[in-house]
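> only geometry, no sequence info:
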Ligand SMILES: NC(=O)c1ccc[n+]([C@@H]2O[C@H](COP(=O)([O-])OP(=O)(O)OC[C@H]3O[C@@H](n4cnc5c(N)ncnc54)[C@H](OP(=O)(O)O)[C@@H]3O)[C@@H](O)[C@H]2O)c1
């Protein structure tokens, strides 16, 4: 048998089949996109905004703290990226609309939203010595408001722009407490569970109404030492609390997460690399959720 490998098996004019893959790294690019990040002034938001800029996007740094918002913009610009600071409260729909108008008048479009504003609130916890049936409903409701409606309200505003454009990716930030309820943080736990319910509900509606062009997913971080949980994890003398030790003991990686360890998952969910993924929550927790403790 004569196997002449130098001879093409198809004529030059025959149609060439489309490749059944997309170029691997290009799929993760956010080049040319405008991504709004609420909570960008926070600790996790810092890593998120730097990474999203590095992936090529123009970043809207949305928060309330002017100095930290400016610092985020400066840090992004120092690496050659583009960013703008927008000060607004995620619980105020008018402020969200004004923020959206500001972005549209400067950059004309919005391609992605990261709902990272949130966190536990000290007054919304129920300590072990506290009456289980007599805690602050008002503070608990405040934690639900911030984490749940602080996700829903920005989505109603920025999501509409993406829906009209016919393309976009929304990434919410849940927590491991949605899967494995943590002691004390009642309002926060209820809110993050609801964020995951909202993520699935919206993903279905977005898919049915707009097709795969508009998606919603979530990231559930494990434990990362930041401002909103510092009082639960660090003693006044700087040492770890008993709760912090318990977290570490229950994490197969035996440590807290580092903020930069969230960013790969974030870029994946914002980009075309996850183009057939919607309604998912990705745990980034060093194995915490999988571990039985034995
Ligand atoms: N750290 C963890 O271990 C962990 C674990 C699971 C999930 N998470 C989630 O990750 C997200 C980021 O938290 P983080 O740990 O980075 O906390 P953080 O450093 O305390 O940051 C919280 C962010 O939320 C913003 N924010 C709070 N209330 C706001 C409001 N009403 N309007 C606008 N922005 C508001 C803050 O902005 P300003 O300061 O500018 O007001 C800040 O940027 C939160 O959703 C949190 O629940 C964190």
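On my side now, so go ahead. Source: prediction; values computed, not measured. Numbering: from 1, shown residues only.
> contacting residues around residue 170?
112-115, 155, 158-159, 162, 202, 214-217 (C-beta atoms under 8 Å, 6 or more residues apart in numbering). Where you see a C-beta, it was placed from the backbone N, CA and C, and this is true even at glycine.
> repeat that with 10 Å
The contact partners of residue 170, taken as C-beta atoms under 10 Å, 6 or more residues apart in numbering, are 36, 112-115, 151, 154-155, 158-159, 162, 199, 202-203, 206, 214-218, 269-270, 278.
> now swap in residue 67 and tell me
By C-beta under 10 Å, 6+ apart, the contact set of residue 67 is 41, 85.
> Pick out the residue in the stretch 101-250 of the chain sitting closest to the ligand.
residue 118 (2.7 Å; C-beta to the nearest ligand atom).
> My read is that that residue contacts residue 124, right?
No. Look at residue 118 against residue 124 with C-beta atoms under 10 Å: they stay out of range, at 11.9 Å.
> now the residue of the stretch 101-250 of the chain closest to the ligand: how far from residue 179?
17 Å (C-beta to C-beta, to the nearest Å).
> go on, residue 39?
Per C-beta to C-beta, residue 39 is found 21 Å from residue 179.
> same deal with residue 84?
For residue 84, the distance to residue 179 - C-beta to C-beta - is 35 Å.
> okay, and the common contacts of residue 118 and residue 124?
Counting by C-beta under 10 Å, 6+ apart, the residues touching both residue 118 and residue 124 are 143, 146-147, 188, 191.
> out of residue 118 and residue 179, which sits in the busier spot?
Per other C-beta atoms under 10 Å, whichever of residue 118 and residue 179 has more neighbours is residue 118, with 26 against 16.
> got a list of what the nearest residue to that one once chain neighbours are set aside touches?
Closest residue to residue 118 apart from its sequence neighbours, by C-beta to C-beta, 6 or more residues apart in numbering: residue 147 at 4.2 Å. Taking C-beta under 10 Å, 6+ apart, we find residue 147 in contact with 90, 115, 117-121, 124, 172-175, 187-195.
> Now do the nearest residue to residue 291 once chain neighbours are set aside against residue 278, distance only.
Distance criterion C-beta to C-beta, 6+ apart; nearest residue to residue 291, sequence neighbours excluded, is residue 252 at 5.3 Å. Separation of residue 252 from residue 278 (C-beta to C-beta) stands at 29 Å.
> just residue 46 next, same as before
Distance from residue 46 to residue 278, by C-beta to C-beta: 27 Å.
> Any chance of the backbone angles for residue 59?
phi -110, psi 130 (degrees, to the nearest 10).
> ditto for the one 4 residues further on
Main-chain dihedrals, residue 63, degrees, to the nearest 10: phi -170, psi -170.
> Residue 87 is in contact with that one, correct?
Yes. Between residue 63 and residue 87 a contact is recorded at 6.9 Å, counting by C-beta under 10 Å.
> Between the two, which contacts overlap?
Contacts common to residue 63 and residue 87, judged by C-beta under 10 Å, 6+ apart, are 41, 69.
> Look at these two and report which has more neighbours.
Neighbour totals were compared for residue 63 and residue 87, and residue 63 leads with 24 against 17 (other C-beta under 10 Å).
> buried ones in the host helix or strand of residue 84?
Per DSSP states H and E: residue 84 is located in strand 82-87. Across strand 82-87, burial judged by 16 or more other C-beta atoms under 10 Å covers 83-87.
> Now do that strand: which elements does it pack against?
strand 34-38, helix 43-54, strand 58-63, helix 66-78, helix 93-107 (3 or more C-beta pairs under 10 Å, 6 or more residues apart in numbering; DSSP states H and E).
> pLDDT at residue 13, what is it?
Listed pLDDT for residue 13 reads 65.
> Can you name the residues of the stretch 1-150 of the chain sitting close to the ligand?
Contact residues, the stretch 1-150 of the chain versus the ligand (C-beta under 6 Å from any ligand atom): 38-39, 41-45, 63-65, 68, 89-91, 116-119, 146-147, 150.
> Can you say which of those residues are buried?
Using 16+ other C-beta under 10 Å, the buried ones in those are 38-39, 41-45, 63, 68, 89-91, 116-119, 146-147, 150.
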